[in-house]
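**Student:** Mind looking at a prediction? Sequence and model below.
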Amino acid sequence: MAQEFDYVVIGGGSAGCVLASRLSEDPSVQVVLLEAGAADTSVLIHCPAGLALMAKQKGLNWGFETVPQPGLGGRRGYQPRGKVLGGSSSINAMIYLRGQQADYDGWATEGNPGWSFDEVLPYFKRAEHNTRGADAWHGTGGPLQVQDLSQPNRCSALFVDAARQAGHALNPDFNGASQEGVGPYQVTHRNGERCSAAKAYLTPALGRSNLTVITGAQASRIVFEGRHAVGVEYLQGGSTQRVMARAEVLLAAGALQSPQLLMLSGVGPAAKLNALGIPVLHNLPGVGANLHDHVDVVQVMDAPRVTELFGLSFAGLRNAVGGILEWRKHRSGMLTTNFAEAGGFIRSSLQQTAPDLQLHFVIGKLVNHGRTTVFGHGYSCHVCLLNPESRGSVTLASADPMAAPLIDPAFFTAAADLDRMVAGVKLMRHILKQPALTGLGGRELASSAGARTDEQIAAFIRQYADTIYHPVGTCRMGPGPGDVVDARLQVQGLQGLRVVDASIMPRITSGNTNAPTIMIAEKASDLIKAAARGA
């Protein structure tokens, strides 16, 4: 017989961990969390520098690819997603960013009451334990530890100095009153280790008798009675299992897989479902639409003499061995880096009313977004577009739940996106030429060095750009006919089903999306508890 719980949470990523923890705080409530991946036991997760290896390989990473992108010269983009408890918070670069206040005020203006910045700020603060202390913008005592890097690489400070020499203001807190400027990033670390959503929220709750966590459980279908979600089928060990929900099914599988599971369950664009032989339960055309992402390109600098930068060489291997020993013994040293230690938010032109570009300075040669191993030492700088106009989609490749979805971010289908990226490359290049960095003796790699005119820079971008891993929007929140969930995150036209993850974002936030996803789940947990009380 199927097990029965009050809440079934699909997906043990950032949002799912928050939901499982917060809902199980009530001992009278039974919660089950389904995660397709494994438990978060790998040392590569807990050692911050382990992210460099996880980005390249599957196992803890779904390692999806996009469909060929005309805007990228026909290349397939890479879409890493965490396949482990903690989801992408267990494999990401651990940067803590909320975005701009206007992002959330825009959500509210578009018909989503309760989602303005002033209304979501308390949830950011509730989640956070910022080691700098509490103030008007930050909280202490929350599960998620946010701190300055304990031992940053000296070259990260040189990047900040170079950006100031280029005319950009210092900003010591990108999550404070203003986002604009350059400075060091705060990270989600605790005691020299990654502080993922799993470690922050789920691990402390595992001893609760009312919380069940099932790993290796690939959700295959949401079970409905009429239009009411009552359970979930999942595949585990070659067999199909089922769990039932007395109260609600909470879909937190992420921007790529939440729409996939809805469509597999008969909820989505009717014509596309019919074409795959999937019975249509509810024609909801917006499922899988509105996919957008932060498109990004990297300039790489070769600096062979600077051996304290990460790199593959005899000196680098010697440093790595010493770093491993130090981290194992003291949880300190070079392996506590998140690589993207500093960055900033700048405007592509004076006509922009707020920053529309983000920079990440990386203390290593990040060729092919880190997926290609290269010899030598160096540094890199990303520039990404914060508010892209291009919109794509997630659709089904087949009715097989084990098949990867078809992911089409439609990069650069809006011409303005490429124009602003060209401006961004020129601004980034200007920073990297400042005296604070030129002392490192860095030389630009040939892949970008030949791009001088706007047309050449645009061609460089098309050849080398890709995602910086922030897909959102595919179960868009809003009141319109193309939207999927309402402001309480309930799927429109259905009962007992909510979507709680980055897929609900009407528009992407201005920065890394992990902190906003955790905030969404914090707010959702209150919405769910209020519904249970009849409020």
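**Tutor:** Perfect, thanks for sending it.
**Student:** What residues sit buried inside stretch 392-399?
**Tutor:** Gly392, Ser393, Val394, Thr395, Leu396 (16 or more other C-beta atoms under 10 Å). Placement of C-beta: from N, CA and C, glycine included.
**Student:** Which other helices and strands does the one helix or strand in the chain whose mean pLDDT sits lowest contact?
**Tutor:** In the chain, the helix or strand scored least confidently by mean pLDDT, DSSP states H and E is strand 311-312, which has a mean of 82. If contacts are counted by 3 or more C-beta pairs under 8 Å, 6 or more residues apart in numbering; DSSP states H and E, strand 311-312 sits against strand 376-385.
**Student:** packing partners for the strand it packs on?
**Tutor:** helix 154-165, strand 295-302, strand 311-312, strand 357-362, helix 415-432.
**Student:** Neighbouring strands - and their directions - for the fourth one?
**Tutor:** Looking at strand 357-362 with DSSP bridges, its paired strands and their directions are strand 340-346 (antiparallel), strand 376-385 (antiparallel).
**Student:** contacting residues around that strand?
**Tutor:** Under the contact criterion C-beta atoms under 8 Å, 6 or more residues apart in numbering, strand 357-362 has outside partners 93, 95, 156, 159, 163, 182, 294, 298, 339-348, 379-386, 420, 423-424, 427-428, 431, 468, 510-511.
**Student:** cool, the third one as well?
**Tutor:** Under the contact criterion C-beta under 8 Å, 6+ apart, strand 311-312 has outside partners Pro304, Gly364, Lys365, Thr373, Val374, Phe375, Gly376, His377, Gly378.
**Student:** mind running it again at 7 Å?
**Tutor:** Strand 311-312 is contacted by residues Gly364, Lys365, Thr373, Val374, Phe375, Gly376, His377, Gly378 when judged by C-beta atoms under 7 Å, 6 or more residues apart in numbering.
**Student:** Give me the neighbour count for the first one.
**Tutor:** It refers to Gly364. Using other C-beta atoms under 10 Å, the number of residues around Gly364 comes to 23.
**Student:** measure it to Tyr96 for me?
**Tutor:** 21 Å (C-beta to C-beta, to the nearest Å).
**Student:** now the fourth one
**Tutor:** Distance of Val374 to Tyr96, computed by C-beta to C-beta: 29 Å.
**Student:** and what of the second one?
**Tutor:** Computed as C-beta to C-beta, the Lys365 to Tyr96 distance reads 25 Å.
**Student:** cool, the last one as well?
**Tutor:** Counting by C-beta to C-beta, the separation of Gly378 from Tyr96 is 26 Å.
**Student:** if we can go back for a sec, packed most tightly, which of the helices and strands packed on strand 376-385 would that be?
**Tutor:** Most buried of the helices and strands packed on strand 376-385, by mean neighbour count (mean count of other C-beta atoms under 10 Å): strand 357-362, with a mean of 26.
**Student:** just how off-centre is that one within its chain?
**Tutor:** Counting by C-alpha atoms, centre = their mean, to the nearest Å, strand 357-362 is centred 15 Å from the centre of its parent chain.
**Student:** Could you give the average pLDDT over it?
**Tutor:** Averaging pLDDT along strand 357-362 yields 98.
**Student:** ditto for stretch 313-321
**Tutor:** Mean predicted lDDT for stretch 313-321 stands at 85.
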